[in-house]
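A.B. asks: Dropping the sequence and predicted coords here.
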Amino acid sequence: MICKHHEDKGLKPVMVSFGESPLGNQQFVCARCSRIREAGVGRIKSVKNNYGFICNKKKKEFFFHFSNTAYDFDIRVGKPVVFEIAFLDDGVEAINVTELKRKKQ
């Protein structure tokens, strides 16, 4: 994973795995600026209007808005996804929600 904070400077510092967070997701820390990003894997649990909820392996639920998915993403209940966590003033939200790509064997 690359730290996106440095893109405007043309840098691409690697983010190092920092272990599991209390939310049950993987944490990464930037080797250059020490910013923390959190990435998770889960399934879409519910969908309504323009938002939904994702449930990870620890049964934690994360709100996501459709604007935080790829434009061509087929949003349906049960679909496995990967996502990042945005820490907001009033809680957390899943962002950059995309389909979990299975490795071909």
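C.D. replies: Cool, got the structure. Residues are numbered from 1 along each chain as shown.
A.B. asks: Sketch out the low-pLDDT regions of the chain for me.
C.D. replies: Scanning the chain for pLDDT under 70 picks out the ranges 103-105.
A.B. asks: elements contacting the strand ranked longest in the chain?
C.D. replies: Longest strand in the chain, counting residues (DSSP state E): strand 36-48. Identification of packing neighbours for strand 36-48 by 3 or more C-beta pairs under 8 Å, 6 or more residues apart in numbering; DSSP states H and E yields strand 26-30, strand 51-56, strand 61-65, strand 80-88. Placement of C-beta: from N, CA and C, glycine included.
A.B. asks: can I get these in CSV with distance to residue 17?
C.D. replies: Shown next, in CSV, are the helices and strands packed on strand 36-48 (distance: least, C-beta to C-beta, whole Å):
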stretch, distance to residue 17
strand 26-30, 6
strand 51-56, 17
strand 61-65, 20
strand 80-88, 14
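A.B. asks: Which one of these lies nearest to residue 8?
C.D. replies: Among the helices and strands packed on strand 36-48, strand 26-30 comes nearest to residue 8, with 14.5 Å by C-beta to C-beta.
A.B. asks: what about the nearest residue to residue 33 once chain neighbours are set aside, distance to residue 13?
C.D. replies: Among residues not flanking residue 33 along the chain, residue 5 sits closest, at 6.1 Å (C-beta to C-beta, 6 or more residues apart in numbering). To residue 13, residue 5 is 9 Å away according to C-beta to C-beta, to the nearest Å.
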